[in-house]
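Peer 1: model this:
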Amino acid sequence: MIKHAGCLHQASLFQRTIDEFLEETKLDLPTLKKLYELKVLSFDAEKLKAFDEKEITEAKFIKALFYSGLSMEKILFMLGKLEKPYCYSFKEIYWDFENEEWLSIYDLVCKELENYRQEIFEELIEDKELFKEALSNFVDTKREEEDMDKYLAYNFGEYIVLKRFGE
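Peer 2: Numbering: from 1, shown residues only. Predicted structure coming up:
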């Protein structure tokens, strides 16, 4: 599930006027009106008196899609896969063109880190010398930090498990 940007549920301390909003988003009123009429923008900019971060985020997100060069049909298809209002940030999500779905950058990074951690772990298990070196480096680091006494070592034949006290 793709999450809205955090600003959706958080009021801004500093609201903007229409002029500040237009300057920050680099959009004009006729364009905003058209986006609202197309039902891709959740607010009518002419009727709002003040603009929060959520309106700015939504306007910039929609603007980026329309300026991307994609067809209107493709943009509407992509937006159809998100919940309204379209208060999202390209710093947090991206469109996977192969699978035609929005993905969370955070989830992708976590998945990649977990895959990397698993690969390193498997290498350590397969290469006993590498494992011994990594274990020795870990023990040396803990000695330098003077908290080696906070760990217990269990020898299970081919494996050594280190467990921290209190966990």
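Peer 1: all contacts plus neighbour counts: C-alpha atoms, from now on.
Peer 2: Will do.
Peer 1: which other helices and strands contact the longest helix anywhere in the chain?
Peer 2: Longest helix of the chain, by residue count under DSSP state H: helix 105-126. With contacts defined as 3 or more CA pairs under 8 Å, 6 or more residues apart in numbering; DSSP states H and E, the packing partners of helix 105-126 are helix 128-144.
Peer 1: averaged over its residues, what pLDDT does the helix it packs on have?
Peer 2: Throughout helix 128-144, pLDDT has a mean value of 75.
Peer 1: buried set for it?
Peer 2: Neighbour-count burial for helix 128-144 flags 131, 139 (criterion: 16 or more other CA atoms under 10 Å).
Peer 1: ok, now stretch 39-55?
Peer 2: Neighbour-count burial for stretch 39-55 [16+ other CA under 10 Å]: 40-43, 45, 51-55.
Peer 1: Counting only helices, which of these make the cut?
Peer 2: 53-55.
Peer 1: Same list, those, but as CSV with pLDDT please.
Peer 2: Putting those into CSV (pLDDT from 0 to 100) gives the following:
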residue, pLDDT
53, 92
54, 92
55, 94
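Peer 1: Any chance of CSV for those residues, columns distance to residue 105?
Peer 2: Converted to CSV, these look like this (distance: CA to CA, whole Å):
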residue, distance to residue 105
53, 21
54, 20
55, 22
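Peer 1: Looking at those, which is nearest residue 29?
Peer 2: Among these, residue 55 lies closest to residue 29 (CA to CA), at 13.7 Å.
Peer 1: quick one: contacts for the closest one?
Peer 2: Going by CA atoms under 8 Å, 6 or more residues apart in numbering, residue 55 touches 43, 87.
Peer 1: Could you report the separation of it from residue 92?
Peer 2: To residue 92, residue 55 is 17 Å away according to CA to CA, to the nearest Å.
Peer 1: Residue 59 now?
Peer 2: Relative to residue 92, residue 59 is positioned 16 Å away (CA to CA).
Peer 1: More neighbours: which of the two?
Peer 2: residue 59 (26 against 15; other CA atoms under 10 Å).
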